[in-house]
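Colleague: have a look; sequence and predicted model below, questions after that.
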Amino acid sequence: MKKHIIFLLFISAIILTACEKKVDPVDDNPTYTEDMRARDILFNLMGEWYFWYKDMPVVVKDDYTDAYTLLDAMRFRPIDRWSFVTDYESFTSYYEGTFAGHGIRIGLDTAFKARIAMIYEKSPLYPEGVRRGWTVKSVNGTDIAALLASGDFTAYDAVMGPRQAGIVNTFVFTTPEGNDVTISSAKDQFQVNSVLKYDILDLSSGKTGYLAFEAFIEPSFRELEDAFALFINNQIKDLIIDLRYNSGGMLDVAIDLASYIAGNSEAGNIFIKARHNDKKTSEDESVLLKTTGYSLNIDRMAVITTRETASASENIINGLTPYVDVKLFGDTTNGKPVGMYAFTEEKNLHVFAPVTFQLVNANNFGDYFSGIFPHKYAPDDITRDFGDPDELSLKAAIEYLESGDAKAGRVYDYVPTITVDERPDWSRNFFIRHPGTNK
C-alpha cells in the first residue's frame, strides 16, 4: 500500500509515492471483489492510523460491501465530518487543478436572488462576460433561487446535470446593468485558477495588498508568486487575504503562503505541528516557515472568512497568529484543526483519507473545532465582485485597517450566504501532506 502523506487540509503538490506500506489484502477467492478489497484496506487503516481509533463504533467489517459504507459506519461522530474515500483519478485531477463543469459557484443573496458568487477565468461562461454578482434568473427554465431557498440541493443537482464535459445548460442572466441575457453553455474540462483576484488598494492607512484565494492546489505556486511580486514591488503596508471559499488543499502551498506573509525574519520558526494518535507518535513533526524570494514585511493582516473557510485556510490563520496580528471579518470558519494522509492501493483505484492527525500552532493552540470566530461579522455580499471596496466583508476589513478598530461584532440576526459549487464533496475541508516535509 502506498502512503501518500498529503495533509488533507492544504494539499501538497501532486501525490508522491514516497513511503510504501503494503497492506493490500491477499485473497485467492474468485468472489473477492475490488470493493471488498478496498473495504478491508480501509478497515486496517482505521485501526492503525485513524486519529480517533479509540472512539470508533464497533463494527463487523463483513457486514459492509465497500469502503464507502464502512467509513460512514466507522467515523467518530459528530466530530469527524471530513474523512473520505474517493477514486484515484478524481483525486489527482482535483489537485492538479483540472476541472469539468461550468466553473461557477451560485449563491443566494439577501433578496433571495440567485447570483454568480464565483467564476473561474477559464470557465466556458467567462468569455461571455459572466462575472460574480450577475443574477441567475433560471437554468433550463427552472428557478434556481427557489431551489436554493428551499434547500433542495438534490433538485438543484438534477437541473445542473452531471459533473462532466459536454453537458449543456441554458442560463438566463441579468447583468449588473439590468439587461437579461440568455446563454447556452456546455460544461468543459479546463485548468482552474486558484487566485481569483489580486490588487493594490490605496487606503488612508497605506498601500494594502488584496488577495482572493480559492484553493491550495498545484497551480497556486505560480499564481501566488505573481501576486506577491506585485505586493513587494508596491511595498504594501498591510494585507487582506480573502479565503471565503477556500476549504484547503496542499501543505506545500500553505508553507509558501505562510512564509511569504510572515517574512524571512521568521524563517525557521514553527508554522504548525502535527500530532498523531498514540500508535503513531513517531510521525509527530513540526512544519517550519522558510526563506523565500517573496517575503513581506507586514505587522497585521485582515482575513475574510465564511463557514467554508477550512483546513489549510484555518492553518494559515492559526499558524501565523504568533507572528502577525491577524483579524477576521465575515463569518466563523469551518472548524477543522485536523488533517489526513492520503493512502492508495497498489492498483491506484482508490484514495483513502481518514483523519490522522491534529494541527496546532507554535503556541500549541489548535482547539477550534467550533471554528475561529471573526472579530466582526459581515455578510458575503455576492452582489459585488471580489476586490470591490463596497463589498460588505471587504469593507469591514478596510474599515479596520484604516481605523485600527476591530472590536468584536455582536452576534446579530446573521444568516450565512448559501452558495453551491461544482466540486466533489470530498474536496471540501481537507489538508494533505507529503512524508518527510520539513523534518
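Modeller: Done, it's in. The structure displayed is predicted, hence computed values, not measured ones. Numbering: from 1, shown residues only.

Colleague: for this protein, which segments count as helices?
Modeller: 34-49, 67-74, 88-96, 144-150, 153-160, 220-233, 251-262, 312-320, 392-403 (DSSP state H).

Colleague: quick one: which of these is nearest residue 338?
Modeller: In terms of Cβ to Cβ, the element of the helices of the chain nearest to residue 338 is helix 312-320, at 10.2 Å. All C-beta atoms are positioned from the backbone trio N, CA, C, and that covers glycine.

Colleague: what angle separates the closest one from helix 251-262?
Modeller: Orientation check (axes from the mean of the first three to the mean of the last three Cα atoms, to 10 degrees): helix 312-320 against helix 251-262 gives 40 degrees.

Colleague: now for helix 312-320, which elements pack on it?
Modeller: Judged by 3 or more Cβ pairs under 8 Å, 6 or more residues apart in numbering; DSSP states H and E, the packing partners of helix 312-320 are helix 251-262, strand 270-276, strand 300-305, strand 325-330, strand 355-360.

Colleague: one more time with 10 Å, if that's ok
Modeller: Helix 312-320 is packed against strand 7-8, strand 238-242, helix 251-262, strand 270-276, strand 300-305, strand 325-330, strand 355-360, strand 431-432, with contacts defined by 3 or more Cβ pairs under 10 Å, 6 or more residues apart in numbering; DSSP states H and E.

Colleague: nearest to residue 371, of those?
Modeller: strand 300-305 (8.7 Å).

Colleague: partners of that closest one in the sheet?
Modeller: When pairing is defined by DSSP bridges, strand 300-305 lines up against strand 238-242 (parallel), strand 325-330 (parallel).

Colleague: related to what we said a few turns ago, ok, which of the helices and strands packed on helix 312-320 comes nearest residue 337?
Modeller: Using Cβ to Cβ, those put strand 355-360 closest to residue 337, at 5.5 Å.

Colleague: so for residue 97, what's the pLDDT?
Modeller: Looking at residue 97, its pLDDT stands at 75.

Colleague: dihedrals phi and psi, the nearest residue to it once chain neighbours are set aside?
Modeller: Closest residue to residue 97 apart from its sequence neighbours, by Cβ to Cβ, 6 or more residues apart in numbering: residue 219 at 4.3 Å. Backbone torsions of residue 219, given as degrees, to the nearest 10, read phi -60, psi -10.

Colleague: bridging residues for the residue nearest to residue 253 when sequence neighbours are not counted?
Modeller: What sits nearest to residue 253 in space, not counting adjacent residues and going by Cβ to Cβ, 6+ apart, is residue 216, at 4.0 Å. Residue 216 forms beta bridges with residue 249, as assigned by DSSP bridges.

Colleague: doesn't residue 256 make contact with residue 216?
Modeller: Yes - using Cβ atoms under 10 Å, residue 216 makes contact with residue 256 at a distance of 9.3 Å.

Colleague: so the two - more neighbours on which side?
Modeller: residue 216 (35 against 22; other Cβ atoms under 10 Å).

Colleague: quick one: residue 196 from residue 120, how far?
Modeller: According to Cβ to Cβ, to the nearest Å, residue 196 and residue 120 sit 8 Å apart.

Colleague: which neighbours do those two share?
Modeller: Common neighbours of residue 196 and residue 120, using Cβ atoms under 10 Å, 6 or more residues apart in numbering, are residue 214.

Colleague: which pLDDT value goes with residue 27?
Modeller: 53.

Colleague: if you could redo that for residue 55, that was the one I meant.
Modeller: For residue 55, the pLDDT comes out at 97.

Colleague: so what's the closest residue to it other than its chain neighbours up against?
Modeller: Using Cβ to Cβ, 6+ apart and skipping the chain neighbours, the partner closest in space to residue 55 is residue 76 (4.6 Å). By Cβ under 10 Å, 6+ apart, the residues touching residue 76 are 46, 50-57, 83, 354-355.

Colleague: kindly report the same for residue 207.
Modeller: 200-201, 231, 234-238.

Colleague: how does it look with 8 Å?
Modeller: When contacts are counted by Cβ atoms under 8 Å, 6 or more residues apart in numbering, residue 207 touches 200-201, 234-237.

Colleague: from these, which land in strands?
Modeller: 200-201 (DSSP state E).

Colleague: tell me, how many residues neighbour residue 79?
Modeller: 14.

Colleague: revised request: answer the last question for residue 273.
Modeller: Residue 273 has 18 nearby residues by other Cβ under 10 Å.

Colleague: also residue 138?
Modeller: 17.

Colleague: how much space separates it from residue 92?
Modeller: 35 Å.

Colleague: give me the domain ranges for this protein.
Modeller: Listed domain ranges for the chain are 2-96, 99-191, 195-340+356-430 (source: automatic domain parsing).

Colleague: so of those, which one's packed in deepest?
Modeller: Most buried of those by mean neighbour count (mean count of other Cβ atoms under 10 Å) is domain 195-340+356-430; its value is a mean of 20.

Colleague: looking at the residue nearest to residue 366 when sequence neighbours are not counted now. What's its pLDDT?
Modeller: In space, and not counting its chain neighbours, residue 366 is closest to residue 360: 3.4 Å by Cβ to Cβ, 6+ apart. pLDDT, residue 360: 97.

Colleague: bridged to residue 360, which residues?
Modeller: Assessed by DSSP bridges, residue 360 has beta-bridge partners residue 273.

Colleague: which residues does it contact?
Modeller: Neighbours of residue 360 in contact, by Cβ under 8 Å, 6+ apart: 272-273, 275, 318, 337, 366.

Colleague: from what I can see residue 75 touches residue 69, true?
Modeller: No - judged on Cβ atoms under 8 Å, residue 75 makes no contact with residue 69 at a distance of 11.4 Å.

Colleague: for residue 91, see how far away the residue nearest to residue 366 is.
Modeller: Distance from residue 360 to residue 91, by Cβ to Cβ: 27 Å.

Colleague: try residue 275
Modeller: Distance from residue 275 to residue 91, counting by Cβ to Cβ: 25 Å.

Colleague: what's the answer for residue 99, then?
Modeller: Distance from residue 99 to residue 91, by Cβ to Cβ: 13 Å.

Colleague: mind listing what the closest residue in space to residue 115 that isn't next to it in sequence touches?
Modeller: Nearest in space to residue 115, with sequence neighbours left out and distances taken as Cβ to Cβ, 6+ apart, is residue 382 at 4.9 Å. Applying Cβ under 8 Å, 6+ apart to residue 382 gives the contacts 107, 109, 115-117, 132-133, 417, 419.

Colleague: those into CSV, with extra columns for pLDDT and distance to residue 210?
Modeller: CSV is the format used below for those (pLDDT from 0 to 100; distance: Cβ to Cβ, whole Å):
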residue, pLDDT, distance to residue 210
107, 93, 20
109, 92, 22
115, 97, 21
116, 97, 20
117, 96, 18
132, 97, 14
133, 97, 17
417, 78, 20
419, 85, 20
